[in-house]
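Peer 1: sharing a sequence plus its predicted fold:
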Amino acid sequence: MAKTHPLIYDWNVVNQPPAAGRGVMLDDETLRDGLQSPSVRTPSIDQKIRILHLINDLGIDTADIGLPGAGPHVVKDVERLAREIVDGKLAVRANCASRTLASDIQPIVDIAHNELFVCLGSNPAISQMSILEMPNALGRLREVVERGGRVISVDPRRTETARRVGEHWFIRPGTDAYLLLAVLHVLVVELGVSRAAVQRHAVGLEALCAAAQGWPPERAARVTGIGAGRIRELARAYQRANGACLYVSTGVTPSSAEACV
């Protein structure tokens, strides 16, 4: 019989002694994987709290209390369950599930170090950063301002985010794409920013830069309603920032080709 690796506990061996210096711990995933079957109904938060107490009463060491990346509703439940462990002085220790994808983790990490956050076509105060599913998005954006950075919401409407943190720049509906072309025009044509780093990751960059050639800020200002000076200010701030994020969501996709006529 092949020798078992010391990190592996073989449940088929009766009375197997634990590896020296290591005990066997149990992690209960009922509140995570146990609730994913399509044949069951997701418990209410009160029911989840009851399950958490049962896990604790059984003496189980740790509990996976959810996958926050699954959505804001899960984030809310995870925070409530974690608070229950603290307030109830439960012995069970909590952990969370997370996908090991850079696309899931890196944007959230980067936001914590940004000096400039520009938001187009999204309302993080309500969406919690949409596909990033970042809990307490508004709090994280306020931290950018507290560090001396800027948060700019570009939207036809003064959104909940714009009312509660940073600056609001009005833009005519359906013209976000032309603002982005003008910003790219300033970066590439006027400031001569190197494209080398982007070219390693992007497809069609040259075609995009060629399209931006015809969209100086003065032209974009007539379409978007944002002044040419402000567009240049945005592009230069983006270039200078020690960490900048241009966050776009569904609001950018409906940009109308009629706007350039």
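Peer 2: In hand now; what should we look at?
Peer 1: could you pull out the buried residues of the helix or strand hosting Gly139?
Peer 2: Per DSSP states H and E: Gly139 is located in helix 137-146. Buried residues in helix 137-146, counted by 16 or more other CB atoms under 10 Å: 137-138, 140-141, 143-144. Every C-beta, even on glycine, is put in place using the N, C-alpha and C of the backbone.
Peer 1: quickly run through the sheet partners of the following helix or strand past that helix, with directions.
Peer 2: Next helix or strand after helix 137-146 toward the C-terminus (DSSP H and E): strand 150-154. Strand 150-154 pairs in its sheet with strand 116-120 (parallel), strand 167-169 (parallel), by DSSP bridges.
Peer 1: could you tell me the angle between strand 150-154 and helix 137-146?
Peer 2: Orientation check (axes from the mean of the first three to the mean of the last three CA atoms, to 10 degrees): strand 150-154 against helix 137-146 gives 130 degrees.
Peer 1: show residues contacting strand 150-154.
Peer 2: Among residues not part of strand 150-154, those counted as contacts by CB atoms under 8 Å, 6 or more residues apart in numbering are 115-120, 123, 141, 144-145, 159, 161-162, 165-169, 171, 176, 179, 226, 234, 237.
Peer 1: I figured Tyr238 hits Leu187, correct?
Peer 2: Yes. With contact defined as CB atoms under 8 Å, Tyr238 counts as touching Leu187 (7.4 Å).
Peer 1: could you pull out the helices for the stretch 51-200 of the chain?
Peer 2: With helices called from DSSP state H, counting those that start in this stretch, the stretch 51-200 of the chain shows them at 72-87, 102-111, 124-127, 137-146, 160-164, 176-185, 196-199.
Peer 1: Gln213 is nearest to which of the ones you listed?
Peer 2: Closest to Gln213 of the helices of the stretch 51-200 of the chain, according to CB to CB: helix 176-185, at 6.9 Å.
Peer 1: that closest one - contacts with which helices or strands?
Peer 2: Judged by 3 or more CB pairs under 8 Å, 6 or more residues apart in numbering; DSSP states H and E, helix 176-185 is in contact with strand 116-120, helix 205-213, helix 217-224, helix 228-240.
Peer 1: can you give me how far stretch 183-199 is from the chain middle?
Peer 2: Relative to the mean C-alpha coordinate of its chain, stretch 183-199 is positioned 26 Å out (CA atoms, centre = their mean, to the nearest Å).
Peer 1: identify the residues contacting Val188.
Peer 2: The contact partners of Val188, taken as CB under 8 Å, 6+ apart, are 195, 209, 212.
Peer 1: again, only using 7 Å
Peer 2: Applying CB atoms under 7 Å, 6 or more residues apart in numbering to Val188 gives the contacts 209, 212.
Peer 1: check the one 3 residues further on too.
Peer 2: If a contact means CB under 7 Å, 6+ apart, then Leu191 has Gln239 as its contacts.
Peer 1: the same query, at a cut-off of 8 Å, please.
Peer 2: Here Leu191 is in contact with 235-236, 239 (criterion: CB under 8 Å, 6+ apart).
Peer 1: likewise for Asn123?
Peer 2: Counting by CB under 8 Å, 6+ apart, Asn123 touches 153, 155, 159-161.
Peer 1: burial of the spatially closest residue to Arg80 that is not a sequence neighbour, as a residue count?
Peer 2: Leaving aside its sequence neighbours, Arg80 sits nearest to Ile45 (CB to CB, 6 or more residues apart in numbering; 5.6 Å). Residues lying near Ile45 (other CB atoms under 10 Å) number 13.
Peer 1: equivalent analysis for Arg32, please.
Peer 2: Residues near Arg32, counting by other CB under 10 Å: 20.
Peer 1: so it touches Thr62, yeah?
Peer 2: No. The criterion here is CB under 8 Å, and Arg32 misses it with Thr62 at 11.5 Å.
Peer 1: what domains does the record give for the chain?
Peer 2: The chain breaks down by automatic domain parsing into domains covering 27-95, 102-260.
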